[in-house]
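**Student:** Fold the stuff below for me.
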Amino acid sequence: MSQPHHIWLQDCATGRSVEALLYERIDPVYAERVDDAWLIHLATAEAQAKARGEKFEAPEHAHWRWHEKVLRSSHLLSCPTLAVECEGQPQGLMLLKTDGHFARHSEQSEKPLVFITYLSTAPWNMPSVAPRPRFRGVGTNLLRAAVEVSLDLEFKGRVGLHSLPNAEPFYERQGMQCLGQDSMLNYYEFSPENAAAFIR
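**Tutor:** Residues are numbered from 1 along each chain as shown. Presented below is the predicted three-dimensional model:
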């Protein structure tokens, strides 16, 4: 685990800002803890929905297993997995690739960028799963961290990703531009200008 940075989330119950931690690299043991906590919560939420006679729709990324992803990439400096933690619980994870991906935006074509391979928030923060989400701002903080990594690498804030369909409105609200469909998913990208506006 890396030394954490202090960030802020919003407690949805009180509307107040709460301090959280951003880790720039986690290990497989931590990722396994994430899988266990998130899968238990999803199973409980599904059981409760069925007990109420309601249909339960699991998140599009419910099949992701972070332990496997971190295990495959933990030895690669170009593939850090970042984590947001608050009140002792993992609130969100993101796996980046900092090498081998290039911009598609016409004005930035073929320039290097940071690619977000996976990004997800804990199920208890998702309105589709939790009627009363716990924290807001997890995804925004992770996306901001990806832009900061891009700036540190002198990529000028360029960040790209393939979005799951339900996440597209989130990325569009942050100012990312959809540049078409690729591998059945829409591809989104931050230009330097849009990245600068986002982190402001």
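
**Student:** Please name the nearest non-neighbouring residue to residue 117.
**Tutor:** Once flanking residues are discounted, residue 117 sits nearest to residue 95: 4.6 Å by C-beta to C-beta, 6 or more residues apart in numbering. Bear in mind the C-beta positions are built from the backbone N, C-alpha and C, glycine included.

**Student:** Kindly report the same for residue 141.
**Tutor:** Residue 141 sits nearest to residue 7 (C-beta to C-beta, 6+ apart), 5.1 Å away.

**Student:** Would you check that the one you found makes contact with residue 85?
**Tutor:** No: in this structure, residue 7 is not within contact of residue 85 by C-beta atoms under 8 Å, at 9.8 Å.

**Student:** Quick check: neighbours shared by those two?
**Tutor:** 20, 21 (C-beta atoms under 8 Å, 6 or more residues apart in numbering).

**Student:** re the thing from before, what's around the residue nearest to residue 117, how many residues?
**Tutor:** Around residue 95 there are 22 other residues, counting by other C-beta atoms under 10 Å.

**Student:** same check, this time on residue 163
**Tutor:** 20.

**Student:** quick one, phi/psi of it?
**Tutor:** The phi/psi pair for residue 163 (degrees, to the nearest 10) reads phi -100, psi 140.

**Student:** Where does the residue nearest to residue 117 fall, secondary structure wise?
**Tutor:** Using DSSP states H and E, residue 95 maps to strand 89-97.

**Student:** Help me confirm that the residue nearest to residue 141 is found in a strand?
**Tutor:** Yes: membership of residue 7 in a strand is supported by DSSP: H, G, I helix; E, B strand; the rest coil.

**Student:** Now do the contacts for it.
**Tutor:** If you count contacts by C-beta under 8 Å, 6+ apart, residue 7 has them with 19, 20, 21, 22, 84, 141.

**Student:** out of those, which are buried?
**Tutor:** The neighbour count (16 or more other C-beta atoms under 10 Å) marks 20, 22, 84, 141 as buried among the contacts of residue 7.

**Student:** ok, now which ones touch the residue nearest in space to the middle of the chain?
**Tutor:** Geometric centre of the chain, nearest residue: residue 119, 2.8 Å, by C-alpha atoms, centre = their mean. Residues counted as contacts of residue 119 (C-beta under 8 Å, 6+ apart) are 92, 93, 94, 95, 139, 142, 143, 161, 167.

**Student:** just the angle between the helix or strand that the strand holding residue 95 is followed by and strand 89-97, please?
**Tutor:** Per DSSP H and E, the first helix or strand lying C-terminal to strand 89-97 is strand 114-121. On the basis of axes from the mean of the first three to the mean of the last three C-alpha atoms, to 10 degrees, strand 114-121 is oriented at 160 degrees to strand 89-97.

**Student:** Of the contacts of residue 119, which is the most crowded?
**Tutor:** Within the contacts of residue 119, neighbour counts (other C-beta under 10 Å) peak at residue 93, which reaches 28 neighbours.
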